[in-house]
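A.B. asks: Give me a 3D structure for the following:
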Amino acid sequence: MTTNIKLKQLELLLNDFELLSKTALVQMQITTKLLNDNTIESLYEEAESNEIIMDRLEIKVREEVVFTIFQFNPVAADLRKIITYQDITTNLERIGDMLLNVIHFLKKTDLSTPHFEPIKKMISKMVQYTGEMLRNTIFSFSNEDSHTAYEVIAEDDKVDELFHQISLSLQEIYADKKLNKEDIRNMINVNAISHNLERIGDSATNIAEATIYLTEGKDIRHGNKQ
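C.D. replies: Below is the predicted model of the structure:
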């Protein structure tokens, strides 16, 4: 009887993780759409609703993890998986926060000006790469696929490189230009967008590292290969 209850509790954790993952992916889709057209008001409303869902799910999973540990005293393998659920859930919730930040900054940014065209392309690439990392890191955990997790970690270098390129491009664009209020606002917003996307890549990497720990028992964080 206790075993059946424990299995149901683990299934609850899985269901909440799947819903949280799907909501994070929807937020990424909204971000992509707003990058192409930031005047669609309904998408901002949808994004705010999704953020509430993700916050509540993160709290729910945290409570379920604590309940499961104290109620069922799980064996080492189950305990590692349960703790990994909480770690990954926390990172997904952070990704949700950062995507909402990007969405808010997109609303206040004019990327239509000609000198911003190269930067918009780089931001589009960052969104593409982080979206792929998010999908793949969720897949790697759901399927306990460490091979895909390692690929996610490798992809983060591309996101970091674009982040630095955008920073340099902003310096070049505004180096010899007299700035007005709109220029300053756009510069700050673009920098914030790229910074949040870079952090999304980091959180996707964290999930991949947690998957490797779950599947291989190896902690590779901070360059630790033991």
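A.B. asks: which of the residues in stretch 147-155 are buried?
C.D. replies: Under the neighbour-count criterion of 16 or more other C-beta atoms under 10 Å, stretch 147-155 has 148-153, 155 buried. Every C-beta, even on glycine, is put in place using the N, C-alpha and C of the backbone.
A.B. asks: which among the residues you listed gets closest to residue 221?
C.D. replies: Nearest to residue 221 among the buried residues of stretch 147-155, counting by C-beta to C-beta, is residue 153 at 10.5 Å.
A.B. asks: quick one, what contacts that closest one?
C.D. replies: 205, 208-209, 220 (C-beta atoms under 8 Å, 6 or more residues apart in numbering).
A.B. asks: The residue positioned nearest the centre of the chain sits in which helix or strand?
C.D. replies: For the chain, the residue sitting closest to the mean C-alpha position, by C-alpha atoms, centre = their mean, is residue 95 at 3.1 Å. Using DSSP states H and E, residue 95 sits in helix 76-107.
A.B. asks: what is the mean pLDDT for stretch 218-225?
C.D. replies: When pLDDT is averaged along stretch 218-225, the result is 64.
A.B. asks: Low-confidence ranges, this protein, go.
C.D. replies: Along the chain, the model assigns pLDDT under 70 to residues 1-5, 222-226.
A.B. asks: Please enumerate the helices of it.
C.D. replies: Here the chain has its helices, by DSSP state H, at 2-36, 41-72, 76-107, 117-142, 146-174, 181-216.
A.B. asks: I'd like to check the angle between the shortest one and helix 2-36, please.
C.D. replies: For helix 117-142 against helix 2-36, the angle between stretch directions is 170 degrees (axes from the mean of the first three to the mean of the last three C-alpha atoms, to 10 degrees).
A.B. asks: coming back round to it: by neighbours, which of the contacts of residue 153 wins?
C.D. replies: Using other C-beta atoms under 10 Å as the neighbour test, the contacts of residue 153 are led by residue 208, with 30 neighbours.
A.B. asks: Now do the contacts for that residue.
C.D. replies: Contacts of residue 208 (C-beta under 8 Å, 6+ apart): 137, 140, 148-150, 152-153.
A.B. asks: swap in residue 165?
C.D. replies: By C-beta under 8 Å, 6+ apart, the residues touching residue 165 are residue 122.
A.B. asks: quick one: residue 68 and residue 216, what's the gap?
C.D. replies: Per C-beta to C-beta, to the nearest Å, residue 68 is found 23 Å from residue 216.
A.B. asks: let me fix that: residue 186
C.D. replies: Note on residue 186: its distance to residue 216, by C-beta to C-beta, is 45 Å.
A.B. asks: Which one of these two is surrounded by more residues?
C.D. replies: residue 186 (23 against 12).
A.B. asks: show me the contacts for the residue nearest to residue 215 when sequence neighbours are not counted.
C.D. replies: Residue nearest to residue 215 in three dimensions, not counting chain neighbours: residue 146, with 4.4 Å by C-beta to C-beta, 6 or more residues apart in numbering. Taking C-beta under 8 Å, 6+ apart, we find residue 146 in contact with 140, 211-212, 215-216.
A.B. asks: tally of neighbours for the nearest residue to residue 61 once chain neighbours are set aside?
C.D. replies: Leaving aside its sequence neighbours, residue 61 sits nearest to residue 89 (C-beta to C-beta, 6+ apart; 4.4 Å). When neighbours are counted by other C-beta under 10 Å, residue 89 registers 25.
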